[in-house]
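quick one, fold the following:
(one chain, ligands or ions: 2)
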Amino acid sequence: MADLTGPPAPLERAGIIAVGSELLTPLKSDTNSLRITDALNQLGIEVVAKAIAGDDRRELAAVVRSMLDRVDLLVLCGGLGPTDDDVTREVVAEVLDRPLAEDGDVAAAVAKRFADRGLEMPRINLRQALVPAGAVVLPNPKGTAPGLWLDLGDRAVVLLPGPPRELIPMLQRVAEEHLAARTGGRTLVRRIVGITGRTESHTDEALGPLYARWASADVRISATILAALGQIELHLSARGPDAGALNGALDRAASDVQAVLGADVFSVDGRGLEAVVGDLLVGRGWWIAVAESCTGGLVAERLTRVPGSSRYLGHGIVAYSNAAKTALLGVPPALIESKGAVSEDVARAMALGVRERSGAEVGVGVTGIAGPGGGTTAKPVGTVAVAVVAGPILRVRTLRLMGEREHVRYQASQAALDVVRRVLQG
Ligand code: ATP
Ligand code: MG
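Numbering: from 1, shown residues only. Ligands and ions are numbered 1, 2, ... in the order given. Next up is the predicted model:
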């Protein structure tokens with residue numbers, strides 16, 4: 001008899017179902033499916049249908065059935081929680097006729113998450129340990145609900161948690177550990193290049209010649225530009241049988257980008273700006289101190305997100321009022337009076353003040369108008385002054401940032417970190 005056990009059928013057509021009644025209201029949009037689509041596309045898997053279902057067994061079952069008829073990969077997200085309205089697991093098990101049974105390892109992992117925080121696990125959380133027969137459990141380091149991978153031979157079904165911070169890392173792992181093997185023996189390698197100081201369209205225009213070259217190279221590289229708040233990201237990816245060759249090609253592509261964009265490239269390995277700044281400080285053995293007004297501690301918060309930041313950050317001072325700027329940082333009241341609290345002179349005095357008081361090598365001052373009130377014709381909402389003093393260098397910039405209060409504040413923190421980076425990179 002012929003051997004019918006060849007490689008598993010490649011997965012080519014995918015469907016996505018986002019589960020959650022809040023996604024059917026005007027208050028909440030489904031962004032998870034965009035992430036999922038991106039991850040699948042990068043593997044060469046096309047998304048042919050998407051749906052949103054509320055937390056309702058009958059509706060969800062109907063959507064799952066109709067999708068399963070049309071796709072060979074079905075990805076569901078959300079509704080894996082412990083409460084009665086989290087129905088995804090049960091509905092999928094029922095539609096696929098895979099009975100649910102409690103998985104001891106998952107139950108222990110969920111219980112441990114509670115125990116680690118000194119809490120008793122509510123009984124209902126054991127629902128999250130129910131696993132359909134034949135499913136592979138996808139660990140969730142960021143939450144209690146594990147994901148599930150169900151291989152149906154010619155098709156596959158994936159269940160992912162709803163909260164984006166849990167879904168994103170799990171999606172990455174599913175792509176690498178399960179889906180990559182189902183795309184015909186090819187792997188996918190990715191690189192994220194972080195860029196500041198340019199708009200999306202300027203970046204795109206500058207990189208145009210590179211795109212053309214990459215598209216016709218031996219190892220084809222695809223590039224996607226994403227505009228994020230205060231930075232542009234260039235996502236590079238390559239697919240092929242040989243991971244070493246792919247990595248080599250992506251290294252060269254990242255160097256190409258650096259050659260074109262110069263110091264506007266802050267990272268070629270996915271590190272965020274705060275981590276890049278941290279590494280530069282460690283490299284010099286320098287300390288940084290931050291004096292913040294409109295950002296209210298956001299710059300310090302971002303710096304301390306990086307593990308090991310105690311090696312270079314000792315002081316973060318929030319001096320919101322004029323009185324605080326004088327008392328905590330020694331900014332002369334006459335300077336605030338004559339130049340205004342949002343001015344390059346005051347930012348400079350804040351940076352110098354915090355540096356002197358902390359004994360750090362690098363001082364940062366940020367002062368601005370986050371809005372929505374407080375703007376004037378001369379200094380509209382979004383006006384932010386940033387000063388960085390590092391060794392003998394003093395750099396001061398005034399920015400005109402756009403957007404809501406939170407956007408202005410975040411971009412101000414980004415600008416402050418970016419000035420530090422550029423100064424430290426010489
Ligand atoms: P889990 O599977 O982890 O239990 P859940 O659906 O039970 O997820 P919810 O409490 O409903 O969890 O959602 C958690 C958070 O994730 C909420 O803020 C919710 O709005 C968000 N979320 C759920 N689905 C999506 C989605 N498709 N896009 C964006 N955000 C989502
Ligand atoms: Mg939900």
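
Glu59 and Ala53 touch, don't they?
Yes: the criterion here is C-beta atoms under 8 Å, and Glu59 meets it with Ala53 at 5.2 Å. Any C-beta I mention is one placed from the backbone N, CA and C, and that applies to glycine too.

neighbour count: the two, which is higher?
The neighbour comparison of Glu59 against Ala53 (other C-beta atoms under 10 Å) goes to Ala53, with 26 against 18.

local confidence estimate at the more buried one?
Looking at Ala53, its pLDDT stands at 97.

equivalent analysis for Ala129, please.
Looking at Ala129, its pLDDT is 92.

for it, give me its contacts.
Contacts for Ala129 (C-beta atoms under 8 Å, 6 or more residues apart in numbering) come out as Glu102, Asp103, Gly104, Val106, Ala107, Val110.

check Thr295 too.
When contacts are counted by C-beta under 8 Å, 6+ apart, Thr295 touches Val366, Gly368, Arg409, Ala412, Ser413, Ala416.

need the three-state assignment for the last one.
The three-state label for Ala416, taken from DSSP: H, G, I helix; E, B strand; the rest coil, comes out as helix.

for it, what are its contacts?
Going by C-beta under 8 Å, 6+ apart, the list of residues near Ala416 reads Val290, Thr295, Val299, Val364, Val366, Val386, Val388.

before we move on, what about the third one?
With contact taken as C-beta under 8 Å, 6+ apart, Arg409 is in contact with Cys294, Thr295, Gly296, Leu298, Ala370.

which phi and psi values does the third one adopt?
It refers to Gly296. Here is the backbone geometry of Gly296 (degrees, to the nearest 10): phi 50, psi 30.

over to the last one?
Main-chain dihedrals, Ala370, degrees, to the nearest 10: phi -80, psi -20.

same check on the first one?
Summarising the backbone geometry of Cys294 under the convention degrees, to the nearest 10, its torsions are phi -70, psi -20.

that one: neighbouring residues, count only.
Around Cys294 there are 23 residues (other C-beta under 10 Å).

wait, it sits on Val384?
Yes: between Cys294 and Val384 there is a contact under C-beta under 8 Å: 6.4 Å.

intersection of neighbour lists for those two?
Val342, Val366, Thr367, Gly368, Ile369, Val408, Ala412.

that older thread, I'd like the contacts of Arg409 as a markdown table, with distance to Gly240 appended.
Shown next, in a markdown table, are the contacts of Arg409 (distance: C-beta to C-beta, whole Å):
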| residue | distance to Gly240 |
| --- | --- |
| Cys294 | 48 |
| Thr295 | 44 |
| Gly296 | 47 |
| Leu298 | 41 |
| Ala370 | 47 |
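
those: which two are farthest apart?
Leu298 and Ala370 (10.3 Å; C-beta to C-beta).

may I ask which helix or strand of this structure has the lowest mean pLDDT?
Least confident helix or strand of the chain, by mean pLDDT, DSSP states H and E, is strand 187-195 with a mean of 88.

just for the stretch 51-200 of the chain, where's the confidence low?
Applying pLDDT under 70 to the stretch 51-200 of the chain flags residues 185-186.

so which bits of it are right by ligand 1?
Selection of the stretch 51-200 of the chain residues close to ligand 1 by C-beta under 6 Å from any ligand atom yields 77-81, 86, 143, 145, 161-164, 166.

what's the pLDDT at Val364?
pLDDT, read off for Val364, is 98.

what's the neighbour count on it?
By other C-beta under 10 Å, 31 other residues sit near Val364.

give the next helix or strand downstream of whatever helix or strand it lives in.
Using DSSP states H and E, Val364 sits within strand 362-368. Counting by DSSP H and E, the next helix or strand C-terminal to strand 362-368 is strand 383-390.

quick check: closest non-adjacent residue to Val64.
Leaving out its chain neighbours, the residue that sits closest to Val64 by C-beta to C-beta, 6 or more residues apart in numbering is Val95, at 4.9 Å.

what about the one you found, which SS state?
Val95 - assigned by three-state DSSP - is helix.

so it touches Ala61, yeah?
Yes: contact criterion C-beta under 8 Å: Val95 and Ala61 qualify, at 5.6 Å.
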